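In: Provided below are the primary sequence and the corresponding predicted coordinates.
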Amino acid sequence: MTYTPTAQEFKELENQNGQLKTLLGEKDLEIAIIGVLIIDEDLVPEPPKGIKVIKVPITRLAVEKLGKELFTNIVALGILVKVTGAVSFETIQKAVAKRVPPATIEKNMEALRIGYESV
């Protein structure tokens, strides 16, 4: 069953969207209302239809550019930061640097950058 808003409800939604757009900006409004699905295009051959999908070869990037699947999650984190704008790139760099083993900081920073620049 599909719900169709009344003309009054639609007008109220448009007004709320205008207010949100002013607060969030166009990109963040779209993510807040519609959502976005980020997938590893090599692992999800048929993404769902009807939603915004961003396809990135996340695991492949980690292996080809960093030599290990281990960095896949940090590549994905870089993508997430770029797509959502939830935190600045500098903020996520500092947070990751505090959480990873000291010997891996450089590779993790590279993984973040690779993910961030891939979208």
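Out: Noted; the coordinates are in hand. Numbers count the residues shown, from 1 in each chain.
In: how close does the residue lying closest to Pro48 once chain neighbours are set aside get to Ala97?
Out: For Pro48, the nearest residue in space outside its immediate sequence neighbours is Leu37; the separation is 7.0 Å by C-beta to C-beta, 6 or more residues apart in numbering. (C-beta placed from N, C-alpha, C; glycine too.) According to C-beta to C-beta, to the nearest Å, Leu37 and Ala97 sit 28 Å apart.
In: going by secondary structure, the most centrally placed residue in the chain is in what exactly?
Out: In the chain, the residue lying closest to the centroid (C-alpha atoms, centre = their mean) is Leu80, at 2.8 Å. Per DSSP states H and E, Leu80 falls inside helix 72-84.
In: which SSE is immediately downstream of that helix?
Out: That would be, after helix 72-84 and using DSSP H and E, helix 89-99.
In: can you map out the strands along this protein?
Out: Ranges of strands in the chain, per DSSP state E, are 37-40, 53-56.
In: mind putting these into a markdown table with distance to Pro47?
Out: As requested, the strands of the chain are arranged in a markdown table below (distance: least, C-beta to C-beta, whole Å):
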| stretch | distance to Pro47 |
| --- | --- |
| strand 37-40 | 5 |
| strand 53-56 | 5 |
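In: how about those strands in TSV, adding distance to Arg113 and mean neighbour count?
Out: Converted to TSV, these look like this (distance: least, C-beta to C-beta, whole Å; neighbours: other C-beta atoms under 10 Å):
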stretch	distance to Arg113	mean neighbour count
strand 37-40	17	17
strand 53-56	14	16
